[in-house]
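J.: my questions are about this predicted structure, shown below with the sequence.
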Amino acid sequence: MASGAQAAAESPDALTVVLVDDEALIRAGLRMLLEAETGIEVVGEAADGHAGVELIARMRPDVVVMDVRMPGTDGVEATRRLTSAEYREAHGDPPGILILTTFSDDIAVRDAVRAGAAGFLLKSAAPSVLAEAVRALAKGDGWLDPAVTRALLHELASRAEPAPVAHAEIEQLTRREREVLRAIADGRTNTQIAKDLFLSEATVKTHVHRIFLKLGISDRAQAVAVAFRTGLVRAD
């Protein structure tokens, strides 16, 4: 059987993934699910965050699927290292980081948001959702599992530090930009937002970029937190 790196070399256009989880059985299951999908290659595995960061720096995958809780270096600390200025200077932009979580991990996931993770998926999610989330992150979208979004965002709204943006800055957003921000807060990808609002995906990406610029933020997780903490969206 070809190794992950060999497989990726044989399929140069494939979306590449590294798995980081301390349970070998979980990694095997994730690999099986992802490699059953056309155009996705698992190019490496690691059993903890420290080894994962070193492997990711070597393999430069498009997406990392990472457990939030692991012995030693956990998923939060590994995410923090991958999104650090030191990592970027040495290795370029980090991959999209998809955090695997459970309902009991709200605080850990909140910390992963702050560390720079781009997506969150329940371990109990349907197999097809895993591949959809990986593809979304590879395109530069975020991913918030609908089953965990409300609980996570309630945690962000109630426990996070004061919002870095004032309500007046939210008011600078156009009506369409507010619609897009609400959709982001609902866990919608750019593709889904485009379909819901009858826009092209390129137009949605432009709106997202302008929202980030106006609010002085850099990723979708921050946009979600801002939407909730300023009252644009409420955690009911």
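T.: Arrived safely, thanks for sending.
J.: tell me where the model's unsure across the chain.
T.: 1-12, 103-106, 146-168, 235-236 (pLDDT under 70).
J.: what about the helices in it?
T.: Assigned helices in the chain, in chain order: 4-10, 24-35, 49-59, 75-82, 85-91, 106-115, 127-138, 146-159, 167-170, 175-185, 190-197, 201-215, 220-229 (criterion: DSSP state H).
J.: using CSV, please lay out these together with mean neighbour count and distance to residue 68.
T.: The C-beta positions use only the backbone N, C-alpha and C, and glycine is treated the same way. Putting those into CSV (neighbours: other Cβ atoms under 10 Å; distance: least, Cβ to Cβ, whole Å) gives the following:
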stretch, mean neighbour count, distance to residue 68
helix 4-10, 15, 23
helix 24-35, 15, 12
helix 49-59, 19, 10
helix 75-82, 24, 4
helix 85-91, 11, 19
helix 106-115, 20, 5
helix 127-138, 20, 15
helix 146-159, 17, 11
helix 167-170, 13, 30
helix 175-185, 19, 21
helix 190-197, 18, 24
helix 201-215, 17, 25
helix 220-229, 24, 14
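J.: so can I have CSV of the ones you listed showing distance to residue 100?
T.: Below are the helices of the chain laid out as CSV (distance: least, Cβ to Cβ, whole Å):
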stretch, distance to residue 100
helix 4-10, 19
helix 24-35, 8
helix 49-59, 13
helix 75-82, 8
helix 85-91, 21
helix 106-115, 10
helix 127-138, 9
helix 146-159, 11
helix 167-170, 32
helix 175-185, 21
helix 190-197, 21
helix 201-215, 25
helix 220-229, 16
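J.: and those helices: which comes nearest residue 121?
T.: Closest approach to residue 121 among the helices of the chain is made by helix 127-138 (5.2 Å; Cβ to Cβ).
J.: quick one: contacts of the closest one?
T.: With contact meaning Cβ atoms under 8 Å, 6 or more residues apart in numbering, helix 127-138 is reached by 15, 17, 30, 33-34, 37, 40, 62-63, 65, 95-98, 118-119, 121, 125, 142-143, 145, 189, 191.
J.: next one: it to chain centre, how far?
T.: Between the centre of helix 127-138 and the centre of its host chain there is 10 Å, according to Cα atoms, centre = their mean, to the nearest Å.
J.: and the angle for it with helix 190-197?
T.: With axes from the mean of the first three to the mean of the last three Cα atoms, to 10 degrees defining the directions, helix 127-138 sits at 100 degrees from helix 190-197.
J.: how much does helix 127-138 deviate in direction from helix 24-35?
T.: Using the same axes, to 10 degrees: helix 127-138 against helix 24-35 is 70 degrees.
J.: so who does residue 79 touch?
T.: 66, 97, 99, 112, 115, 116, 117.
J.: picking up where we left off before, filter the contacts of helix 127-138 to the buried ones?
T.: Taking 16 or more other Cβ atoms under 10 Å as the criterion, what is buried in those is 15, 17, 30, 33-34, 37, 40, 62-63, 65, 95-98, 118-119, 121, 125, 142-143, 145, 189.
J.: tell me the buried residues in stretch 34-47?
T.: Applying 16+ other Cβ under 10 Å to stretch 34-47 flags 34, 37, 40, 41, 42, 43, 44, 45, 46, 47 as buried.
J.: dump the residues you listed to JSON lines, plus distance to residue 23.
T.: What follows is these, written out as JSON lines (distance: Cβ to Cβ, whole Å):
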{"residue": "34", "distance to residue 23": "16"}
{"residue": "37", "distance to residue 23": "21"}
{"residue": "40", "distance to residue 23": "21"}
{"residue": "41", "distance to residue 23": "21"}
{"residue": "42", "distance to residue 23": "16"}
{"residue": "43", "distance to residue 23": "19"}
{"residue": "44", "distance to residue 23": "16"}
{"residue": "45", "distance to residue 23": "11"}
{"residue": "46", "distance to residue 23": "12"}
{"residue": "47", "distance to residue 23": "8"}
